[in-house]
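Undergrad: sequence and predicted structure below; questions after.
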Amino acid sequence: MTTFSMIRHGVHDIVDDILVGRAPGVRLNSRGREQARRLAECLGRKRIDLIQSSPQTRAQETIEPIAQRLGMPIEVSPEIDELDMGEWTGRSFAALNQDPRWSQWNSMRGTARPPNGESMSELQMRAVSHLARISSSMPKGHVALCSHAEVIRAIALYALKLPLDDFHRVDIAPATISTLAIERDGFEITALNQPVAS
């Protein structure tokens, strides 16, 4: 069995106001750095064989204290990068709420696509395939990875055998850990959205 501790990055100053997506340079704020420290206290006591992060700065900053505590490198993986939100990247949620395409995105997540962005099904395929490849090469490993709400949500929906349109049923808060096990018979979520840091 391969175990994945899937961490959503900690908070930053615009987490509830702006759709950050892959916009560069977004860093954790002081609360987010404290969340990262507490995550390290939790996961730093476990045996971890591989540490991966999304290319986004906020994800790397979140997992860095874990890597430092364990004396391990961080492997940056584009397969667990944030969903490419295309033209919506960097827009405020207030502005997006005036866009009918945003409403469609939030009601038909399985088929809608951000303008010039990535679909949720494409995200799910790249992330799930990536974890399956890791599991094949590390059948008894424990992987800590830091990613984003949509990535972890897409993986969880796949494991729970729920359609992407049910995305609203899976909450992934900042600085939480969701645990996934991959065995020969498939994916299983063993813990979802577990808070370890306030």
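TA: Sure thing, it's come through.
Undergrad: ok, longest strand in this structure?
TA: Assignment by DSSP state E gives strand 186-195 as the longest strand of the chain.
Undergrad: residues in contact with that one?
TA: Counting by C-beta atoms under 8 Å, 6 or more residues apart in numbering, the neighbours of strand 186-195 from elsewhere in the structure are 128, 131, 155-156, 158-160, 170-173, 175-182. All C-beta spots, glycine's among them, are computed from the backbone N, C-alpha and C.
Undergrad: could you rerun that using 10 Å?
TA: 1, 3-6, 8, 35, 38, 42, 128, 131-132, 135, 149, 152-153, 155-161, 170-182 (C-beta atoms under 10 Å, 6 or more residues apart in numbering).
Undergrad: among these, name the ones in strands.
TA: Counting by DSSP E, the contacts of strand 186-195 place T3, F4, S5, M6, R8, T176, I177, S178, T179, L180, A181, I182 in strands.
Undergrad: quick one on the thing from earlier: may I see the buried residues of the longest strand of the chain?
TA: Buried positions in strand 186-195, judged by neighbour count with 16 or more other C-beta atoms under 10 Å: F187, I189, L192, N193.
Undergrad: what of stretch 6-24?
TA: Residues of stretch 6-24 classed as buried under the neighbour-count rule (16+ other C-beta under 10 Å) are 6-12, 15, 18-22.
Undergrad: widest-spaced pair of those residues?
TA: When these are compared pair by pair using C-beta to C-beta, the farthest-apart members prove to be M6 and I18, with a separation of 23.5 Å.
Undergrad: sorry, back to before: tell me the one of the buried residues of stretch 6-24 nearest R101?
TA: The nearest one, if we look at the buried residues of stretch 6-24 relative to R101 and count by C-beta to C-beta, is L19, at 12.7 Å.
Undergrad: hang on, the earlier thing: pLDDT for the buried residues of stretch 6-24 - can I get that in TSV?
TA: As requested, the buried residues of stretch 6-24 are arranged in TSV below (pLDDT from 0 to 100):
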residue	pLDDT
M6	98
I7	98
R8	98
H9	98
G10	97
V11	97
H12	96
V15	90
I18	94
L19	96
V20	96
G21	96
R22	97
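Undergrad: ok, the residues you listed vs L145, which is closest?
TA: Within the buried residues of stretch 6-24, distances to L145 taken as C-beta to C-beta reach their minimum at M6, with 5.8 Å.
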